[in-house]
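J.: coords please:
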Amino acid sequence: MNYIVEVQKALDYIENNLEEDINYENISKELGLSAFYFHRIFSSIIGISPAEYIRNRRLTCAADELSIHKANILDVAIKYQFNSNESFTRAFTKFHNVTPKMAKIDGTKLKVFSKVQLSLSLNGGNIMDYRIENKDAFKICAIVRDFCIETKNEIPKFWDEVKENGKLKEISKNYTRCTLGVCIGENNAEQYKYGIGIEMEANDDQMPGTEIIDVPKSKWVVFKCEGNKADDINNLWAKIYKEYFPTSEYKQSMNIDFELYDDKNTEIWIPIN
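T.: Model prediction:
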């Protein structure tokens, strides 16, 4: 599925509705994606979240209104969907390093975040190794936590916590298998679940403090990551959505995927149909 095309449609929709309330569910429905995976795919391809992209574009347009047209600050705040003059001033100052009032003064330096226009045809020449796996339904025993979709760097902190409190060692001691980092999208576009655990076998008992995640039978595309640092994994996710799916007839089939870790390798497993 060519997610490059789908994200460009989302960018065009955003650009045409900067003065309106932009709803993730509405955009994702138009694209035939869940709200969670729309956010995941958009962030991987563009490099920032949809919310950050929308905010940056609105603050760029707001600066034009103030510096060129000397518009009323409260009118501009309301026009670009800020709840109050105060919240607009905080966001504007953080982005431009000057207040909205200062933006009206000729000669004030302001920042611009330009509209992203994706190339709808790939240049080619890149090589990605992958394999296809057919896997029966299975269960994952995992320590699970809820996360906000806009929060950054919380997953690495979760891993550090599980390592420091001995839970990861306990899992590794009881089950000498690969560790999984499981991502589960929710119907709520703002949240998702993330679990750290292992694939269960028939005679395994559930560990205290864990949840059982049921994963349906599916076909999976699997990518090996050359490093195991967060940046290595994030870069691979971006390449998957930019380079693999646009040239493949497959598309992601459900709101669950996982990263598999052993002593030497890291793999990304994505369900497809």
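
J.: residue 155 and residue 208, how far apart?
T.: 23 Å (CB to CB, to the nearest Å). (Glycine included, C-beta is placed from N, CA and C.)

J.: what segments of the stretch 151-273 of the chain are strands?
T.: Under the criterion DSSP state E, counting those that start in this stretch, the stretch 151-273 of the chain contains strands at 179-185, 191-199, 211-215, 218-225, 256-261, 266-272.

J.: show me the one of these that comes nearest residue 75.
T.: strand 191-199 (33.7 Å; CB to CB).

J.: quick one: work out the angle between that closest one and strand 179-185.
T.: 150 degrees (axes from the mean of the first three to the mean of the last three CA atoms, to 10 degrees).

J.: tell me where the model's unsure across the stretch 51-200 of the chain.
T.: 119-126, 173-176, 187-189 (pLDDT under 70).

J.: give the bridge partners for the residue lying closest to residue 240 once chain neighbours are set aside, please.
T.: Counting by CB to CB, 6 or more residues apart in numbering, residue 240 lies nearest to residue 223, which is 6.1 Å off, once chain neighbours are set aside. With DSSP bridges as the criterion, residue 223 is bridged to residue 268.

J.: show me the contacts for residue 223.
T.: Residue 223 makes contacts with 128, 129, 130, 236, 240, 244, 267, 268, 270, as judged by CB atoms under 8 Å, 6 or more residues apart in numbering.

J.: the helices in the stretch 101-250 of the chain, which residues?
T.: Ranges of helices in the stretch 101-250 of the chain, per DSSP state H, counting those that start in this stretch, are 154-164, 167-174, 230-239.

J.: helices or strands next to the longest strand seen in the chain in the packing?
T.: Longest strand in the chain, counting residues (DSSP state E): strand 138-148. Counting by 3 or more CB pairs under 8 Å, 6 or more residues apart in numbering; DSSP states H and E, the packing neighbours recorded for strand 138-148 are helix 154-164, strand 179-185, strand 191-199, strand 211-215.
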